[in-house]
Each structure stands twice: as C-alpha cells, then as structure tokens.
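Trainee: Pasting a predicted model and its sequence here:
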Amino acid sequence: MPKLTIDGRVLEFAPGQTIIQVAQANGIEIPHYCYHPGLSVAGNCRICMVEVEKNPKPQIACYVPATDGMVVHTKSAQATEARAGVMEMLLVNHPLDCPICDQAGECKLQDYAFDFGHPTTRTPVEKTHLPKNVPFGAKIVYDGERCIKCTRCVRFTDEITQTHELSMGARGDKELVIMTSKGEFTTPYAMNIIDLCPVGALTSKDFRFESRVWFMDFTESVCTGCARGCNVTVGARGGRVLRMTPRENQAVNRWWMCDAGRLGYGYANAPTRLTGPRVRTSARPGEFADVGWEDAIDAAVEALRTTARGGVLADASATLEELWMLKAVAGAQRGELRYASRVGHDADGFLIVDEKGANQRGAEALGFARATAAAPAALLFVERGDAVPKALRDGADPVVAFVTDGADVPPTAQVVFPLPSFAERDGLLANVDGIVQPLRRCRAAGPRDLRAPLEILEEIRLGLAPDASPWTHADVVTAVRGAVAPAGLEVPDVAFAPAPARSVAAPTARTR
Amino acid sequence: MATGLYPQTKVLSKNFDVPNAHTLAVARPRGAYQSLEKALRTLTPAQVTEEVKKSRLRGRGGAGFPTGMKWSFVAKNTGKPTYLVMNADESEPGAFKDRYLMERDPHLVLEGALVSAYAIEASTVYIYVRGEYPHSIRRLEGAIEEARKAGLVGKDILGTKFSCEVYVHPGAGAYICGEETGLLESLEGKRGHPRIKPPFPAVEGAFRCPTIINNVETLAHVPWIVAHGGEAFAKQGLPPDPANPRSNGSTGTKLMGVSGQVRTPGLWEFEPGITLRELVYGYGGGPLPGRKIKAVIPGGISMPVLLDGELDVKMGFDELVKVGSGLGTGTAIVMDDTCDMVEACVNIAHFFGHESCGQCTPCREGCHWMEKVFRRVAEGDGQASDLDLLEALFKGIEGRTICFLADAAVWPVRSIVRKFRGEFLAKMTPAPTPAGA
Amino acid sequence: MTPPAIPPPPPGSDPRPREARDANQPAARGTRGGGYADAPGAPVGVAPAAAAPAAKPAAAPAPASPTDASLRKTPAPTVTPPVPVPFPPDDLKAACEALIARYPQRVAALLPILHLAQQRFDGWISPEVEAGVARYLGVSDPHVRGVVTFYTMFNTKPVGRHHVQVCRTLSCWLRGAGDLTRRLEQKTGLRPGETDNDRRFTVSEVECLGLCEVAPALFVNEEAHVNVTPEGLDKLLDGLK
C-alpha cells in the first residue's frame, strides 16, 4: 500500500485520499473550516494549508491527494506561519460579537485563534460591515459579519438536500450568503446548516440566547421523533432540555437530522409534566392525590394483585427493557400486549420515515401488536399523548399508568407514576432498520428525582412475587437480547451510567 | 515618429488603419481566410498544432504559457466535445490591445479562432468578450454573420468536413473572469469563481469537457503561423536562451502600448527586442512637458514597477522577469513625478479589492485590508510599523490562494513600497517618543 | 409580581413541592442540576414575571407540534415572495431561445439573457425579473441573484436615463479621472452610486474600461467618451436630458 509521512509518522493510505483524510483517519488534526467529509471540497478557507516537501508554496490538505512518498509537515515554520496568516485575515473583519454570540464555547474561530492565532491585533482599521441578524426563514438567523464565507451551508442545500435555497451574493469582502426570495426553506433539514457553520453566522432561533454551552450538560443519545433514531447530542441545563444536535453515525443518519426531530424536545419541558406519583382517591374519575414513591408502589402492587385485568398498552417509544418489564409485570394475566404510535405521511427517502414510534420494531420483536381500537389493559405507558390518542388511553382504563404529561392521565387510572421523558431514561431502541441503539439519560434534564420506570416496575414485580430473584438493568438487557434475536435484532454490548443517588431520603419501604 | 526608432512590424495590426477593414469585403481581398483555407485543405489538425509548437508562440494574455504545449494537453477520446474559448475579457488595467483587434480586424480574430478550433478538433468556439466592450461585441457578431453567409462559419466550412460554430458570449463586469477557470464558470452562467486545479481545462473545462482557453492576440497569430510556418515565426523576436532547454524566448510579434502620463499614448506592434525605454520615450513620446518619468509598470497593472533608470530592458518575457518584473500584457503604464506613489497604491489596492471574487480568505480580506492601510498612510495617519504590517500582508496573500489575483494584487504595490519607501515615510506621523526619553 | 407561596406539603406525603400550576413559574422547577455554574441552594427558576405564559401562547394558533413552541420568540417577518415577471416577454422570446440554443446547458445563457432583461425592464434587474428569469432557465432564484450581485454591470436598483460611469483605475486616474468625478458631483449633486430624484442621471465609478490610451474615459450608458476634460464633461452633461 502506498505510504506518506505526516509530521514524521509514516502512514498508509488508499489511493484517492487527500492529505486531510489520511490525517483524520490517523488521529492527526489539521485545522479546517470549509472542508466537510459529507460535502464537495471548496478549498477556499485556506486554513488547512500544510507544508509539502518539494513544493515552494503551502498546499491545502483538503484537496491535494496523498501520493506515495509524500512528506507533509503540519507544524513546520511554513505551515504554522501560513495558518496564522489566514487566521489573522479571518479576524480582520470579524465582529467582536463573542459576548453575544451563541457559538461561543463551541466556535472553531475561537478555538483556532486561541491555538495558533496572533495574540494581538495589528488591525486598527474600520471593519467592513454587512447585514446582521438576517432571518433565514423562521428558525435560522444569519449574520453576514460573522460569516467566513466557507460556503458549507450553500453546498449543503445544493448537494445534500438539492433544494438550492442558498447562494453566495456580492463579491470580495462584501460577499455573503443570500437566501431565496421565498424567505423560507422547503427542505425539512435546513437547520443542519447551523451545525455545519463553523462560526456563529448561522444560529438557531430556538436556542438563541438560551444558555452558554459551558453551563450545559451534553449527553449522547438518539432522537425519538420517528423510527429513524438519528444519533443526537442532547444539551440540557437546570432541568430543561435546551437543544438537540445530530451526531455522526454513517449507518443511521450520516451527519444529519431533520428539523422536526431537532425541535421536538419541547414536551420534555412542559410545565404540565407529572413530577410525582399519584393515586386515585375516590370512585369519581379524575380525583387524585399526590403520594410518596413507596406508598405508590405498594398501592400498585395491591391493585395489580387484586385485579383480573391483564395486558399492556405502551407508547412505541418505550425502550426494549421497559417493554420487557411491562410484559413481565402484566403478562402473566389475561390480556394483550399492544403498542401505539403515530404514523405520518412525510417519509422522504432520506431520514424521515412515516413510522413515528421510535422503538416500533422493538415492540413487535417482543411480541407486541399495534393497537387498533380501545381495549382495557392493566398497564399503560404513555410518553407522548399524540402517540397514544385519548380514546386509546382512556379506553385502556388501566390499573397502573406511567404517564409523562399530566394532561394525558386517564381519569380512571388507579395508580399513576410520572414517566420521565426520552431525555431522562436509559434504554435501548430498535430503529426502522433494526439497528438497536441506546437512549441515554441526561443528568441536567427533567424534574429532580424521578425514578426510572425500570426501577418501579422491578419493585412492583418483586412485590407481586416476593420469592423471585431480583433483576438488574443488565439482567434485563441480557434477557431482551435473547428475546429479540429471532426477529433479527442484535442488541449490542452497552453499559449505562448507574442510577443517581436520590437527593431526598424516601420514607422506608413497606412499612405498611 | 522620429527615424532611428526601433521599427514596427505590422502583422496583427496591418489592417488597423484601413477603413472598413472590419467588413469581409475589405478584409478578404487583403488575405483574410487564406490560412483557414490552407489549413483545412492541406494540413491535418496535428500538423497545425505542430506548426504552432515550432513557432514557440507564447500566450499573450499575460501568463506567457507556450500555446502549442497547451493545445497538446487536450484530453482525447473522452467521448465529449472539445471546446475552444477565446479570452476577450481584457480587464487588466492598462490593457487595450485586444480591443483594437476585435474592433478593427474582427475577421483576423475569427480566422484565428477557426484555425485553432480545427487544430484542437473543437467544433464550437465561444468568444468571451467583456461586457464593457459593446463595440467589439457588435463588430465580432457582424463579422461572424458575414462569415457565416460566406460559408466560413457553421457547417462544412469551405465545403470541407470541418464544421464549427462561433458564438460571442458577453461578460458583465468582473476582472476575475479573465482568469481561465473564472471565465469558464461565467460561461456556464454562474458567478466567476475560479476553480481549484487540477483538473485543468484541457482535461475538464467548459461543461466538464476538454477546453482550450487562449487570449485574443494569441489566436490572432495562428493564421500567420499557418501561412508562413512555425519556424519563420520563431525567427522573429527574441530567440530562446540556448543555455536553457526550457526557454521559449519571445517569438513572433507583440502588440505593445503605453498609457498614463506620457505625451502620445497608443498601441503599436513590434518584434520583441524593443526596450521599455524606446517604447515609452520613443513611441509613447516621453514625459508630459516639464515632468520626469518616475515609475513604469511594463505590462498592465499586475507587475512590479521599474524606475526610470531601469527601463533599458528588452520587452520580452524572460528579459523582464530577470529584472524583477514581467511582460504581462505588454501595455505599459507610466507614472511621472507628479504622481503620489502612496495614492497610487491606494488606487491599485482598491482595484484588486473590488475585483476579488471573495472565495479565498487571504485575498478576500487581505486586498481591502491593504487598501485601508495604504489609505491610512496616504491620509497622514500611518506609522513606520505599517510598512512591516504591509510586508506581513504581502507574505500572507501571495501564493496562498486558488488563483493568481492575489499574487497580482501584491506584486505592483510591494515593489512600490520597497522602491519608494521614502515617500511612505514622509507621510507618517512620527512615532510617539517613549516617556522619560 | 411575586409568585404565590408554595403551600407546605401535607404530612406523610412526598415532601417535595408540587409541580407548577402557576404559569409564571418556570417550566421545570427544581433542580439546576449539573453544569458548571450551578451551586447548591441556587434559586429555583428564573421566570421573569412579565414573561408570556409558555403553555398557551396567546397570539399564535394552537401549535400543531412541539416545533412551534420554538417560534414563540421573535417571529420572523412575513415574507411576500416577489411575483415572477412572465419571462421571456414576447418581444424577447426569439432572441432568448436563440441564445439558449448556443449552449449545452440552459443556465449558460444566463449572462446574455440578463443583459437583454436589463435593457428591456427599465435598466435594472428587480427581484421580480430575477424570479422570472430563474423560472425560465430552470435555476433557483438565489442563483440568479448571486449572479446579478456578482457582476457590476447588472443594476439592482433603478438607474437614471443617463448612467455616467467614470473609470477610476490607474491610467485614467493618472490622467485626471478624479477631476471628472468631482466635476460630476458639482454639476449633478451626485456622488458615485447615487441617482437623482428625477432619474435623469446615475453616477458610478467603474474599474478599467480598456480605453487607457485615450484616458480619461467614461461611459454614458453604452457609449464611450474618451479624452474627457472637465469642460468637455460640462458640455456632455448639458446635452443629456
């Protein structure tokens, strides 16, 4: 195989790879702005210039193909000086917006300027001014002064979505990104340009001025807006989810996610969410009282022990483990295992699929069938009211209900537990292609001290069968793995963070 | 003109002062299209290319690349059509030679295009004319129409199997569209952003097909080469340097002009060998009354300046490189002793800032930055450290971009800053003295 | 306005405060858990009393999906897309079709067609003309706008009947272009880039026109004027009505 040398390291490469691709594959970082592995090469930012022996001028690593015997220096005097020169050029007209710019803390201009820019400015000249705070549709804001004209966003709408809403306009140092006169994107993937933008020129209206990123907790998880399961990073702070951004996964979503999924976390922040368990206090439907966790679990055990009803109705975004536990608790009795999910009409052959149940394939693999009509069930599991419509919820007339939003509680439920949102649970979901991926709990999201449904269901299960041996989350994963294998789902080895210590000592269990 | 002057050799310009030479009726009896006939009837395309190679004809657009060699790069057997594009964008400040050719002898231009298209086996020629040359566009389109009626353009030219369409494509005001790949982008209906190379246009050019782009004047030489042979062409002008096997010399004739602060600006034609001094003082008439010549850019605006004492250099490609400048378009711009060199830098830097396409960071930000620094010095707000800043800018801009506009932006002003340092320093506020000194 | 005091929990029940029913409370009360700046005992929530109720945005229609919740912040101004001019108009149809036939791709005819469009539609390219040309050539309207704003010969604003374009580059500058620009301003009151209210004149500075040997040079519309003196300029302007 051909070899080249970068900074003294001899590296093999495949013919056709550019210098930057070989470097990245070997963990060598070459700074870059306009280069993106999912887009065509533009070669205009010039920050990736490196020294290539036998070339008097520095070469751009994003475009020059590696050749056998090539010797590249990324930190030589020539390369460092070239890079610092470009950095200075980028800053000469860049506005001093850091204090009000959302990108601060995750800005490649800041990072590279810190790493290898000039420490002081040599530029006491008036900066060139361009339009700022330009709406690019309802969800995105553009700032012409912060923009470094790398053209990533334009290439995205030309090559990936092929909807051509963007172009460069004007010329020279007045060059800027312009948008279609229609004023809105037609592509449902427009907000990916916010992630693509290396600086704060394209920002999210939704996230604007919400929080500095260094105050936030970020967790790698998956989106549950549909069965695609795009890999995401969930950003949360102070009990609220603040934003979601896509993570790269070439097998699932490449580098992208859709706007609806990106903005679909709002229900996790709804003020109407349940924050503690409740039990029904009277025969009249809809009258509940707040109780403690142990009291609620005892009430649930008692209610399930004395009921003849069985079966489960679950939101198809329930995880494999949750579905398994629901089955274990209610399955012994008469009753069907059913799931519900919304089915849309907007599948586009790219990422969006019609099936909106994030774990619909997992539910089917565990023997659940789609609910077609209202029918009673012992256990109800509803994360989103639009996935499990009111007729189905109320018609289930459940003994025990796990519900996220107070508005979705069926008035005849006997015991109600608050169901944490997608951002607050650990578990496994099987996407539309049968790829099993972990949902991960964000520390900083959701009301404090919600207990995981897996924990609650395990305590109920042990309450109903005190001689059974207890299961850990890992035990459940093992059981699930075997159960879904016949359906072609492969559960990977996955570890979840241990459950957090609870801040309030609960009254001791089982005193009643 | 005084006697004893280096003589003109009127090859390209032989019809310039002939009334109505732009019409076929006048041009044809004077020899137009005889070379086309000779090429189509007696030579193969490869033979025409061979003659052009032997002629050592170098591109007349400013870069001076050997034309025959460029033609030999055309990718063959691609299954795609080959295009010939004539670069008539002529936006280089100080350049006006192509305008003369197109306005005064469009049939020569057309014949050059047709013979060259035959040589590279292209069947479509696009003449990209800058939008600010409406007269040239009209003259060319008129010539094409006359030629079409006479069976010289279109299908089966002169009854042979060679078919070739020629279209005039107007630009719309962008110097960067004189850069080969910027031109191709503009031809394709886009913003004129130059492309990263490779691939070179000869492999993938217009509409992703093999394409040759040549300057108007370059292709206008081809009929003479076909008529008289490449070797005869190579005997004119300055021969290659025998000690350097890669030297091509400066063969044939060259349109050369002078503009700026001289008595008789104009355009003439010579075999290279005339010195810049003879051109400026002899033909250009020397300085205006009561003035002295201070600086000359030998060809266009994109070359380093030469001082009055440095003008005894022959106007050839290699000769001018040896003295730290370049032939460029061969049209000199003359500045006299009333010219403020700092203001001249403001003017030049503004031009390049205005014309930068904006793709590459160093050019987009650096050109106007240079202008701002020059302006600051010109207005009396400069400091000695600004000269160091400028040197750092020159270094950060030259050689760091997709195309050569950035380099062109650096060369003239850098030479002015270095050769006229005193003028810059004279405008500067003295640096503040340290306290207690 | 102070939020109402949270009542103490009844004995035996969960000691944590109830979820907020008051819309002025923050959406998720309780923890500011996690994150760099959060210290124990930090005050709960930051609801400004004047904030619009998050649960029921008053002005917006009922949200169809959680997405709409993000739009409660400054809504984007309503955009009325320009109505495309029917293009080509009958008197240009043949010329446009002939131009398109010259190239293997429709879009390659864009520059010559924009020249025709500019002449035809009052000397400038409006957003409506851009949209019409874009539709005709099968390209996006920002592509056309990107082209129109790249090339200096395309006007994006109405111009006067007489567009006076003075070259400012080196050779013309050396031969007195500056005097011409100043004289222009004296005579017309216009600086480069400006048009007068009667739309009689537009004044522009342009880069090298290729008339260097007869500098200083200027264009009035498509006509070149060379070796121009300030006096000659006066006469020229007087003759332009």
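Mentor: Nice, I can see it.
Trainee: where along the stretch 351-500 of chain A do the helices fall?
Mentor: Secondary structure of the stretch 351-500 of chain A (DSSP state H, counting those that start in this stretch): helices located at A:360-365, A:390-396, A:453-464, A:473-484.
Trainee: Which elements pack onto the last one?
Mentor: It refers to helix A:473-484. When contacts are defined as 3 or more CB pairs under 8 Å, 6 or more residues apart in numbering or on different chains; DSSP states H and E, helix A:473-484 sits against helix A:320-330, helix A:360-365, strand A:427-430. All C-beta atoms are positioned from the backbone trio N, CA, C, and that covers glycine.
Trainee: Tell me what angle it forms with helix A:320-330.
Mentor: Going by axes from the mean of the first three to the mean of the last three CA atoms, to 10 degrees, helix A:473-484 is angled at 90 degrees with respect to helix A:320-330.
Trainee: now helix A:473-484: how far from the chain's centre is it?
Mentor: Relative to the chain's own centre, helix A:473-484 is displaced by 24 Å; criterion: CA atoms, centre = their mean, to the nearest Å.
Trainee: Only C-alpha atoms, please: export it in PDB.
Mentor: Output of helix A:473-484 as PDB, limited to C-alpha atoms (Å, rounded to 0.1, in the frame of the first residue of the first chain):
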ATOM      1  CA  HIS A 473     -30.800  -3.400  34.300                       C
ATOM      2  CA  ALA A 474     -28.000  -5.600  32.800                       C
ATOM      3  CA  ASP A 475     -30.000  -8.700  33.500                       C
ATOM      4  CA  VAL A 476     -32.900  -7.300  31.600                       C
ATOM      5  CA  VAL A 477     -30.700  -6.400  28.700                       C
ATOM      6  CA  THR A 478     -29.400 -10.000  28.500                       C
ATOM      7  CA  ALA A 479     -33.000 -11.300  28.600                       C
ATOM      8  CA  VAL A 480     -34.000  -8.900  25.900                       C
ATOM      9  CA  ARG A 481     -31.100  -9.800  23.700                       C
ATOM     10  CA  GLY A 482     -32.200 -13.400  23.600                       C
ATOM     11  CA  ALA A 483     -35.800 -12.500  23.100                       C
ATOM     12  CA  VAL A 484     -35.400 -10.200  20.000                       C
END
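Trainee: Flag every buried residue along it.
Mentor: Within helix A:473-484, the residues scored as buried using 16 or more other CB atoms under 10 Å in any protein chain shown are A:473, A:476-477, A:479-481, A:483-484.
Trainee: Kindly report the same for the second one.
Mentor: Neighbour counts over helix A:390-396 (16+ other CB under 10 Å) mark A:392-396 as buried.
Trainee: quick one on the thing from earlier: how about TSV for the helices of the stretch 351-500 of chain A, with mean pLDDT added?
Mentor: As requested, the helices of the stretch 351-500 of chain A are exported to TSV (pLDDT from 0 to 100):
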stretch	mean pLDDT
helix A:360-365	97
helix A:390-396	95
helix A:453-464	96
helix A:473-484	96
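Trainee: closest one to A:E322 among these?
Mentor: Checking the helices of the stretch 351-500 of chain A against A:E322 by CB to CB gives helix A:453-464 as the closest, at 5.5 Å.
Trainee: which other residues reach that closest one?
Mentor: A:293, A:297-298, A:300-301, A:304-305, A:321-322, A:325-326, A:328-329, A:381, A:400, A:402, A:417, A:419-420, A:425, A:427, A:468, A:470-471, A:473, A:476, A:499, A:509 (CB atoms under 8 Å, 6 or more residues apart in numbering or on different chains).
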